[in-house]
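Visitor: Got a sequence here, can you model it:
(one chain, ligands or ions: 1)
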Amino acid sequence: MRILTSQFLPFKIRTGDVEYRPVSAMALPEVTELALPRADFQGAAYQFLIGLLQTAYAPVDIDEWMDRYQSPPSPEALEQAFEGFIASFELEGDGPLFMQDLDPLDKESPIPSSSLLIDAPGASTIKNNTDHFVKAGRAEAFCPNCAAMALFTLQINAPSGGKGYRTGLRGGGPLTTLILPSEPDASLWKKLWLNVLDKSHWPYPEPNPKSFELFPWMETTRVSDKAQKTFASDVHPLHQFWAMPRRFRLIFEDHNCRCDLCGRDSERVCRTVKARNYGNNYDGPWTHPLTPYRRDPKKPTEPQLSVKGQPGGIGYRHWEALVLRDAEGSGNLPAEVVRDYARKVDEARHDNLSLPRQARLWVFGYDMDNMKPRAWYGTQLPLLAVPQPQQDRLLDWVRDLVGLSRDTAWQLRKQVKEAWFSRPADVKGDTDFIESRFWELTEHEFYSLLSLLGERIQDGTIKRLPPDLAARWYQHVRQQAVAVFDELALSAPAEALDMKRITGARNRFLYQLKKGKTAKKFRKQAGLEDAPLEQESA
Ligand SMILES: [Zn+2]
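Guide: As a prediction, the model looks like this:
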């Protein structure tokens, strides 16, 4: 299968149909979305196409970027751009194979193809026959398209997989953040092209499709049996899109069968793969343009680390870390593509073109517990691209808002536990859901305010968080927090309710919401400090 010329990906057409077409169909105006059979494949397919565009069709400067954003290329123009890369994207055959080791791994015994899936037991667990805790065998037969996508998904997300089974270039289970237009019915082309950087801002040498520096499967793997490492200086910057930490060979047979992943009938099937350890051992620092990083400002010599998925998912409390750069303070380094979007918006304005300040940020990734995935997260947050000089001020404002929620969430959990238990400090068990409920209930209002802040910040004379918006946020946070407290504190069975204890906890909670250190400071800023409480509980 030649990946770049076959009917490789399922595209969603404006009519609602899904059709497998060659990758060059991504620029057709009637194509609105990808439609991969799994959420992790969907995220991987986006990165595959963005990586391909960045590698084979990168714009030289912002003008060319804008031209192609407004007038997508024809499929023929893309095919021409991809032509020199076709031979490097073979899935089967005698030469180098996409995302597979150049060595045929003849000495290895075949293992089930399900070991490519991150939610299945890894190669080493199957080998050690310790997989009786995890049910293997749910997905056994992969069509070539799904086998290729499973392999790519694993290579870009690879968690640690046992002795010598290397993690991905961005670490195990990195977050990916992609820019999407606000209109949900935008063409797929716009969704992809927003994530391509122009070469005047990201200069790199012309990529050579035959070289290891670009595509690691084109040459003998740099083995790491003696802990040899591969650094950014050893490879081409675009290698980051195509990194290959794991050594695999897919085994295909001629056999009519139904694919267990996409449900289509296929004449070729991949049921087994071969794997070997000690593949490319990537070591930092890296700056993958689609991933947010964090550095420790107190340890400036240590490399930045990618932000990972984490329990509790992604919400507005993570917004600043994903959108606003703060290298010296918190150490947050949003993905380059996010930073670049704000710049694109500003440059577009200079040229009298329109690129909206409001877009969406699609955040996704696994939440890994070392080798084991706990969950897959995928969420879309509003994105606000403010001009560079105003970003620090917006960061301060957002921190004020989220600081109040954080403190309130903490107090809420504490006081709900005090309402429930006579000895809350001794209570074991997960009480994260108390805070999660509050975060969920305040999310919508946060983004409404953020949109308003985006307008106010254009006025350079407004230095601090505008008091009217601060007051609106305070009221909302207080109201929702008290509602969650009442709902949860009274949710125990009637015979277990201790009204005296509940009332005591509720009064302490109300006091903290007004007189606690964070609340008091925030109320002052909102001009509420002297107002009687009755007027506030709208
Ligand atoms: Zn399939």
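
Visitor: ok, which stretches of the stretch 201-350 of the chain are strands?
Guide: In chain order, the stretch 201-350 of the chain shows strands spanning 247-258, 265-276, 293-294, 305-306, 332-333, with DSSP state E, counting those that start in this stretch as the criterion.

Visitor: Using JSON lines, lay out the ones you listed together with distance to the ion, mean pLDDT and mean neighbour count.
Guide: The C-beta positions use only the backbone N, C-alpha and C, and glycine is treated the same way. Conversion of the strands of the stretch 201-350 of the chain to JSON lines gives the following (distance: least, C-beta to the ion, whole Å; pLDDT from 0 to 100; neighbours: other C-beta atoms under 10 Å):
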{"stretch": "strand 247-258", "distance to the ion": "9", "mean pLDDT": "96", "mean neighbour count": "16"}
{"stretch": "strand 265-276", "distance to the ion": "7", "mean pLDDT": "97", "mean neighbour count": "19"}
{"stretch": "strand 293-294", "distance to the ion": "34", "mean pLDDT": "96", "mean neighbour count": "22"}
{"stretch": "strand 305-306", "distance to the ion": "29", "mean pLDDT": "96", "mean neighbour count": "22"}
{"stretch": "strand 332-333", "distance to the ion": "37", "mean pLDDT": "97", "mean neighbour count": "21"}
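
Visitor: Redo those as TSV? Include distance to Asp17.
Guide: As requested, those are arranged in TSV below (distance: least, C-beta to C-beta, whole Å):
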stretch	distance to Asp17
strand 247-258	20
strand 265-276	18
strand 293-294	39
strand 305-306	37
strand 332-333	41
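
Visitor: For Phe364, which of those strands is the nearest?
Guide: The closest of those to Phe364 is strand 305-306. By C-beta to C-beta, the value is 13.4 Å.

Visitor: all helices for the stretch 101-250 of the chain, in order.
Guide: 123-127, 144-157, 188-193 (DSSP state H, counting those that start in this stretch).

Visitor: Just checking the distance from the last one to the centre of its chain.
Guide: Same thing as helix 188-193. 17 Å (C-alpha atoms, centre = their mean, to the nearest Å).

Visitor: which parts of this structure sit against the ion?
Guide: The chain comes close to the ion at residues 143, 146, 259, 261-262, as judged by C-beta under 5 Å from the ion.

Visitor: Could you say which of the helices of the stretch 101-250 of the chain is packed most deeply?
Guide: Using mean count of other C-beta atoms under 10 Å, the stretch among these with the greatest mean number of neighbours is helix 144-157 (a mean of 26).

Visitor: which strands and helices sit next to that one?
Guide: Based on contacts counted as 3 or more C-beta pairs under 8 Å, 6 or more residues apart in numbering; DSSP states H and E, the elements that helix 144-157 packs against are helix 39-56, strand 247-258, strand 265-276.

Visitor: Strand partners (parallel or antiparallel) of the second one?
Guide: According to DSSP bridges, the neighbouring strands of strand 247-258, each with its direction, are strand 265-276 (antiparallel).

Visitor: which outside residues touch the partner strand?
Guide: Residues from elsewhere that reach strand 265-276, judged by C-beta atoms under 8 Å, 6 or more residues apart in numbering: 1, 101, 103-105, 108-113, 115-116, 123, 140-144, 147, 165, 246-259.

Visitor: what do you get if the cut-off is 6 Å, keeping everything else the same?
Guide: Residues from elsewhere that reach strand 265-276 (C-beta atoms under 6 Å, 6 or more residues apart in numbering): 105, 108, 110, 113, 123, 140-144, 147, 247-253, 255-259.

Visitor: Could you pull up phi and psi at Asp396?
Guide: Phi and psi for Asp396, reported as degrees, to the nearest 10, are phi -60, psi -40.

Visitor: meant to ask about Phe364, not that
Guide: In terms of degrees, to the nearest 10, the main-chain angles of Phe364 are phi -150, psi 160.

Visitor: Assumed Ala359 was part of a strand.
Guide: Yes: looking at Ala359 with DSSP: H, G, I helix; E, B strand; the rest coil, it is inside a strand.

Visitor: what's the distance between it and the ion?
Guide: 32 Å (C-beta to the ion, to the nearest Å).

Visitor: cool, Arg413 as well?
Guide: The span separating Arg413 from the ion equals 44 Å under the rule C-beta to the ion.

Visitor: chain center to stretch 331-346: distance?
Guide: Taking C-alpha atoms, centre = their mean, the mean C-alpha location of stretch 331-346 is offset from the chain mean by 15 Å.

Visitor: circling back to that earlier point, got the helices and strands packed on helix 144-157 as TSV, with distance to Phe509 columns?
Guide: Conversion of the helices and strands packed on helix 144-157 to TSV gives the following (distance: least, C-beta to C-beta, whole Å):
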stretch	distance to Phe509
helix 39-56	38
strand 247-258	55
strand 265-276	54
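
Visitor: Figure out the helix or strand that the residue of the stretch 351-500 of the chain found nearest the ion lives in.
Guide: Residue nearest to the ion within the stretch 351-500 of the chain (C-beta to the ion): Trp376, separated by 18.7 Å. Secondary-structure assignment from DSSP states H and E places Trp376 in strand 372-384.

Visitor: contacts for that strand?
Guide: Contacts made with strand 372-384 from outside it, assessed by C-beta under 6 Å, 6+ apart, are listed as 39-40, 118-119, 309, 313-314, 359-364, 366-367, 447, 450, 454.

Visitor: can you check stretch 290-297 too?
Guide: Under the contact criterion C-beta under 6 Å, 6+ apart, stretch 290-297 has outside partners 170, 174, 176-177, 302, 304-307, 322, 328, 331-335, 337.

Visitor: Filter those down to just the buried residues.
Guide: By neighbour count, with 16 or more other C-beta atoms under 10 Å, those hold 170, 174, 176-177, 304-307, 322, 331-335, 337 as buried.

Visitor: which one of these sits closest to the ion?
Guide: The shortest separation between the ion and any of the buried ones among the contacts of stretch 290-297 is 22.6 Å, and it belongs to Thr176 (by C-beta to the ion).

Visitor: Quick one, grab the pLDDT at the closest one.
Guide: Confidence per residue is given as pLDDT, and for Thr176 that number is 98.

Visitor: can you start the count at 28 instead of 1 from here on
Guide: Right, with 28 as the first residue, what we last looked at is Thr203.

Visitor: Apart from its chain neighbours, what residue comes closest to it?
Guide: By the measure of C-beta to C-beta, 6 or more residues apart in numbering, the closest residue to Thr203 outside its immediate chain neighbours is Leu317, 5.1 Å from it.
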